[in-house]
Every structure is written in C-alpha cells, then in structure tokens.
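[1] When you get a sec, could you give me coordinates for this:
(one chain, ligands or ions: 1)
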Amino acid sequence: MIDAKDFRKHAHDFVDWMADYLEHVEDLPVKSQVKPGEIFSQLPDAPPSESADISAIFSDFKHIILPGMTHWQSPNYFAYFTANSSYPSVLAEMLTATLGAQCMVWETSPAAAELEEKVMAWLREMIGLPATFEGVIQDTASTATLVAFLTAREKHSAYRINEKGFSGNEHFRIYCSTEAHSSIEKAVKMAGFGRENLVKIETDAVLAIRPGKLKEAVEQDLANGHTPLCVVAALGTTGTVAIDPLQPVAEICMKHNIWLHVDAAYAGTALVLPEQRYMIEGIGDVDSFVFNPHKWMFTNFDCSAYFVKDVGALLKTFEILPEYLKTGTRGQVNDYRDWGVQLGRRFRALKLWFVIRDYGMEGIRSKVGDHITWAGELAKEVQMEPGFTLLEPQHLGVVCFRYTPEGVKDQEALNAINQRLMQALNGTGKIYLTHTKVDGYIILRIVVGQTSVTRDHVMQAWNLVKKMAPGALKQP
Ligand SMILES: *Cc1c(COP(=O)(O)O)cnc(C)c1O
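    Numbers count the residues shown, from 1 in each chain. Now for the predicted structure:
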C-alpha cells in the first residue's frame with residue numbers, strides 16, 4: 001500500500017501526466033470509440049485480495065480506462081452542452097480531494113461555509129441578480145429544481161405536507177414549455193405532484209413558451225379547482241437555447257401567486273455579459289434561479305448555483321435537527337445541510353473561488369464573449385452554405401443546423417441523412433457533436449464552449465462537416 005513517500009512521487013508523476021493530457025487532449029478521439037462491454041470484459045471478475053502497485057493501477061488506467069473515456073476537455077468537443085473545467089479548477093479539486101472535508105454544517109469546516117456564502121454573493125453580482133437573492137451550491141440543476149418544487153410546495157401548504165403528507169386534496173399544477181428540460185418532469189415525480197400535473201405549454205416559432213397559452217392554462221386550472229403552484233421558465237432550452245420571455249411569465253405568476261423558478265442551467269453563464277441581461281428582465285419577480293458554473297464557467301462538474309429569494313422558506317422546508325447535529329453556532333452561521341437535499345456536502349466553493357480569482361470577471365467575460373462571437377460567425381457560414389439550413393434565431397454559443405441537400409425533400413430521408421452524417425463525423429474521432437429534433441426534423445448542434453476551444457477548432461469542425469456531408473447521402 002502506498003505510503004507518504006510514494007504518494008509524493010506518484011502525485012508528481014500524475015501532475016505531469018495531467019499537464020501532458022490537457023496539452024494534447026485534442027489529438028485523442030473525442031468520443032470514445034469502444035463497443036458496449038469492451039471495458040467491463042477487461043476487468044477481473046473478483047476484487048483483488050493483494051495490494052497492487054500504484055504504477056500497475058495507473059498503467060491499467062491508461063490502457064483500459066482511458067480508451068473508454070470521451071474527452072470532454074478536448075477543444076474538439078461540441079456535443080450536448082460543455083462540462084468545461086480549467087487549470088485553476090483542477091488545482092482546487094486537488095486541494096479539495098486532499099482536505100477530504102465533509103462540509104455539512106459550519107462547524108465541520110467554517111471556511112467552507114463562509115467561502116460558499118461569499119462566492120455565491122460574488123456570483124450573484126457577476127450575473128446581475130438582485131441582492132434579494134441568496135445563493136447556495138447544489139450538485140446539479142436537477143437537484144436545484146427539485147429543491148425549488150419542494151420549497152414551493154411547503155410554503156404553499158404552510159409546511160403541512162412535510163408534517164402530515166399529502167391530504168389528497170392539493171391538486172397542485174406545475175407548468176413549463178414543451179421544450180423544457182427532462183429534469184423538471186423528474187422533479188415533478190419526485191416531489192409527489194404526479195407527472196399528469198405537469199402542464200407542458202406550447203411554444204412559439206422560436207420555441208419559447210407562449211405566455212398567452214400559459215395564462216389560459218392557469219386560468220382553466222383555477223376554474224377546475226386545481227392549484228397552480230409553480231412555473232419553470234427556461235432561459236436557454238437544452239435543444240436549441242430558446243429563451244422564454246421572463247417578464248410576461250412573471251406577470252402571470254405574480255397575479256396568481258405562483259412560484260416562479262428559472263432554469264438557466266446553460267445560459268446563466270452568459271449573464272456575465274451585460275448585453276445578455278435582456279434575458280433576466282423581470283428577475284425581480286422570480287422566486288428561484290439556477291445555473292450551472294459546471295457547464296460553461298470553467299468549473300469542474302459538479303457545481304450548480306441555486307439562488308432563492310425566500311431563504312426562510314427554504315430552511316423551513318429542509319431543516320432537520322437531530323441531537324448529534326446540534327451545534328453552538330446555529331442561527332449565527334449558514335449550516336448548508338439545511339439548504340437542500342443532501343446532508344453531506346463536498347467543498348465545492350473552493351474551485352469556484354479559484355476560477356473566479358484566476359480568471360477575474362474580465363477573463364470570464366472575454367472567454368464567454370469569444371465563444372458567442374465564434375458561434376455567431378459559424379452561424380453566418382452555415383447560412384451562406386448551399387445545402388445547409390441554419391436554425392434561427394441562433395443563440396449564445398450554440399449553432400443548430402441541418403444538412404438539406406438539393407433534391408431531397410422527404411423528412412424521413414433528410415433525418416436519415418443527418419443521422420448518418422452525425423455518426424460519420426463522430427466516428428472519425430476528430431469532433432463530437434449531438435443532435436436534437438425540431439418539428440420532426442433532426443437538427444445537428446455545435447456547442448462552442450469548451451475552455452480551450454479556439455476559432456480555428458470551430459472552423460475546422462465546420463469544414464469537416466461540409467467535407468463529409470455528401471458521403472451521408474449514400475445508404476451504407
Ligand atoms: C443541462 C441542463 C439541466 C440539467 O443539468 P444537471 O446539472 O445535469 O442536472 C437542466 N436544465 C437545462 C436547461 C439544462 O440545459
């Protein structure tokens with residue numbers, strides 16, 4: 001087993017490997033090319049009874065594990081949304097792992113609690129949220145949305161459901177657009193509302209929620225004896241980065257006393273740029289807001305920033321106080337175990353602090369601004385290219401398009417061609433992109449948001465798409 005002396009040596013070796021990896025990751029196949037079971041079958045059935053040498057374990061990591069990894073930190077990664085990281089973030093994660101602290105309450109590491117309070121206040125200011133919000137780091141946006149639903153539920157029921165359970169007479173209704181993220185449906189199920197009580201509101205030509213339809217649905221539900229509880233507005237949908245109009249949605253929520261939760265998981269990072277703040281006009285009437293620094297703000301997964309106006313309601317919903325968790329500082333400090341689902345918490349604020357300080361606000365703005373600029377330039381290229389169709393409007397760092405070769409009109413044929421094109425592109429290992437569906441059409445997405453991506457990477461990806469497109473016409 002490894003001792004202090006070996007640890008020092010191996011840690012130095014690993015750091016060298018890490019630096020080499022990040023410098024050369026763009027030469028590796030972005031999407032792992034292994035087949036199902038290929039990694040599993042290389043691993044022994046029985047756990048080892050004897051200690052193995054770290055060098056042997058590391059060698060297996062390189063030869064067995066690494067080929068089965070998709071390289072999310074490659075500048076040729078254009079899939080889903082990025083989960084970008086950065087040098088300061090990785091350095092902080094090394095420290096976090098070394099400290100190995102469990103930061104459930106203030107006393108179990110006062111610095112973790114106080115740093116979290118401070119960096120969340122910084123982050124609030126960085127993205128232009130009003131000071132009426134208080135922030136807490138959740139693991140993911142999915143959890144944050146569940147937390148919002150549970151808080152809305154408890155506040156509405158005067159904390160009765162926590163005590164007695166559902167009476168059966170609540171008839172709560174939750175609303176989001178048809179384009180909203182699947183985590184909302186999941187949270188609706190987990191919060192006990194029942195999936196049938198998630199009302200999906202039609203979207204307009206740009207795939208944003210139609211406030212008029214939302215108003216109708218709310219009024220109809222009220223007439224039918226339902227209780228409109230919560231609306232989730234999406235600032236940047238996952239498929240195409242559609243942006244729900246916050247102001248009119250907020251007006252409906254204010255009128256009927258409905259909790260308004262904003263899911264800005266991806267797009268929230270863009271709010272560091274003042275010119276993007278049009279998205280949060282109406283933010284004063286929002287109850288809760290989530291965005292993921294682990295998507296686009298150079299901070300390792302996981303780190304989701306959740307902001308809530310009524311912290312009292314949040315605490316009353318999640319607070320627990322068994323004897324073994326009683327401390328002498330309660331009430332003077334933030335005990336974050338009461339701010340969400342988990343008891344145990346990782347020290348996530350550290351990496352955010354490192355990132356914000358290493359980049360500075362200017363550094364973050366400039367990188368995010370570049371991504372948006374390059375995506376805009378790519379969109380223009382797509383628009384001008386015969387045989388391709390750009391999905392408009394194009395928003396932030398995401399470009400959605402499809403190959404529409406002349407002479408092919410049938411939807412199924414076009415979908416098959418675009419599917420083949422995507423598979424062929426990803427099969428080269430040179431780039432990785434994913435798709436969505438709009439109006440029945442398969443749409444390819446190029447997400448410009450990786451930390452080390454440059455304009456050249458974006459244009460090379462586009463050149464590869466153009467070069468390989470005609471090959472996708474042929475059926476295999
Ligand atoms: C990615 C995403 C989520 C889910 O994020 P997690 O942090 O993985 O839970 C939710 N909503 C939107 C709009 C997203 O893009």
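[2] okay, the strand or helix carrying Asp20 in PDB with CA atoms only?
    Using DSSP states H and E, Asp20 maps to helix 4-24. The C-alpha coordinates for helix 4-24 follow below in PDB (Å, rounded to 0.1, in the frame of the first residue of the first chain):
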ATOM      1  CA  ALA A   4       3.700   9.200   2.300                       C
ATOM      2  CA  LYS A   5       6.900   8.900   0.300                       C
ATOM      3  CA  ASP A   6       5.300   7.000  -2.600                       C
ATOM      4  CA  PHE A   7       2.300   9.400  -2.500                       C
ATOM      5  CA  ARG A   8       4.600  12.400  -3.100                       C
ATOM      6  CA  LYS A   9       6.400  10.600  -6.000                       C
ATOM      7  CA  HIS A  10       3.200   9.400  -7.700                       C
ATOM      8  CA  ALA A  11       1.400  12.700  -7.200                       C
ATOM      9  CA  HIS A  12       4.200  14.400  -9.000                       C
ATOM     10  CA  ASP A  13       4.100  11.900 -11.800                       C
ATOM     11  CA  PHE A  14       0.300  12.200 -12.100                       C
ATOM     12  CA  VAL A  15       0.600  16.000 -12.300                       C
ATOM     13  CA  ASP A  16       3.000  15.700 -15.200                       C
ATOM     14  CA  TRP A  17       0.500  13.300 -16.800                       C
ATOM     15  CA  MET A  18      -2.400  15.700 -16.200                       C
ATOM     16  CA  ALA A  19      -0.500  18.600 -17.800                       C
ATOM     17  CA  ASP A  20       0.500  16.500 -20.800                       C
ATOM     18  CA  TYR A  21      -3.000  15.200 -21.100                       C
ATOM     19  CA  LEU A  22      -4.600  18.600 -21.200                       C
ATOM     20  CA  GLU A  23      -2.000  19.900 -23.600                       C
ATOM     21  CA  HIS A  24      -2.500  17.100 -26.000                       C
END
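[3] Go through it and flag the buried ones.
    By neighbour count on 16 or more other CB atoms under 10 Å, the buried set for helix 4-24 is Leu22. Placement of C-beta: from N, CA and C, glycine included.
[4] Residues contacting it, please?
    For helix 4-24, the surrounding residues in contact (CB atoms under 8 Å, 6 or more residues apart in numbering) are 2, 54-55, 58, 73, 87, 90, 452.
[5] go with 7 Å
    Among residues not part of helix 4-24, those counted as contacts by CB atoms under 7 Å, 6 or more residues apart in numbering are 2, 54, 73, 90.
[6] and if you look at stretch 347-360?
    Here stretch 347-360 has contacts from 86, 88-89, 91-93, 95-96, 99, 101, 103, 109, 112, 115-116, 119, 122, 137, 293, 297-300, 303, using CB under 7 Å, 6+ apart.
[7] before we move on, what about stretch 191-206?
    146, 149-150, 153, 166, 172-179, 185, 188-189, 209-210, 213-214, 217, 242, 393.
[8] centre of the chain versus it, how much separation?
    20 Å (CA atoms, centre = their mean, to the nearest Å).
[9] Say whether the ligand is contacted by it.
    No: using CB under 6 Å from any ligand atom, stretch 191-206 stays clear of the ligand, coming no nearer than 13.9 Å.
[10] How far does that stretch stretch from one end to the other?
    30 Å (CA to CA, to the nearest Å).
[11] Any buried residues in that stretch, and which?
    Neighbour counts over stretch 191-206 (16+ other CB under 10 Å) mark 191, 193, 197-201, 203 as buried.
[12] Setting the sequence-adjacent residues aside, check what's closest to Phe172.
    In space, Phe172 comes closest to Leu229 once its chain neighbours are excluded; the distance is 4.2 Å by CB to CB, 6 or more residues apart in numbering.
[13] Could you pull out the buried residues of the following helix or strand past the helix holding Asp20?
    Counting by DSSP H and E, the next helix or strand C-terminal to helix 4-24 is helix 54-60. Residues of helix 54-60 classed as buried: Ile54 (neighbour count, 16+ other CB under 10 Å).
[14] Tell me how far helix 54-60 lies from the chain's centre.
    Centre to centre, stretch against its chain (CA atoms, centre = their mean), the figure for helix 54-60 is 33 Å.
[15] who touches that helix?
    Residues contacting helix 54-60 (CB under 7 Å, 6+ apart): 2, 6, 10.
[16] Tell me how far the first one lies from Glu50.
    Ile2 sits at a distance of 14 Å from Glu50 (criterion: CB to CB, to the nearest Å).
[17] got it, and the second one?
    As judged by CB to CB, Asp6 and Glu50 stand 16 Å apart.
[18] Tell me the pLDDT of Leu325.
    Per-residue confidence (pLDDT) for Leu325: 70.
[19] Kindly apply the preceding question to Lys474 instead.
    On pLDDT, Lys474 comes in at 85.
[20] do the same with Gly328
    Looking at Gly328, the pLDDT reads 74.
[21] how deep is it tucked in, by neighbour count?
    7 (other CB atoms under 10 Å).
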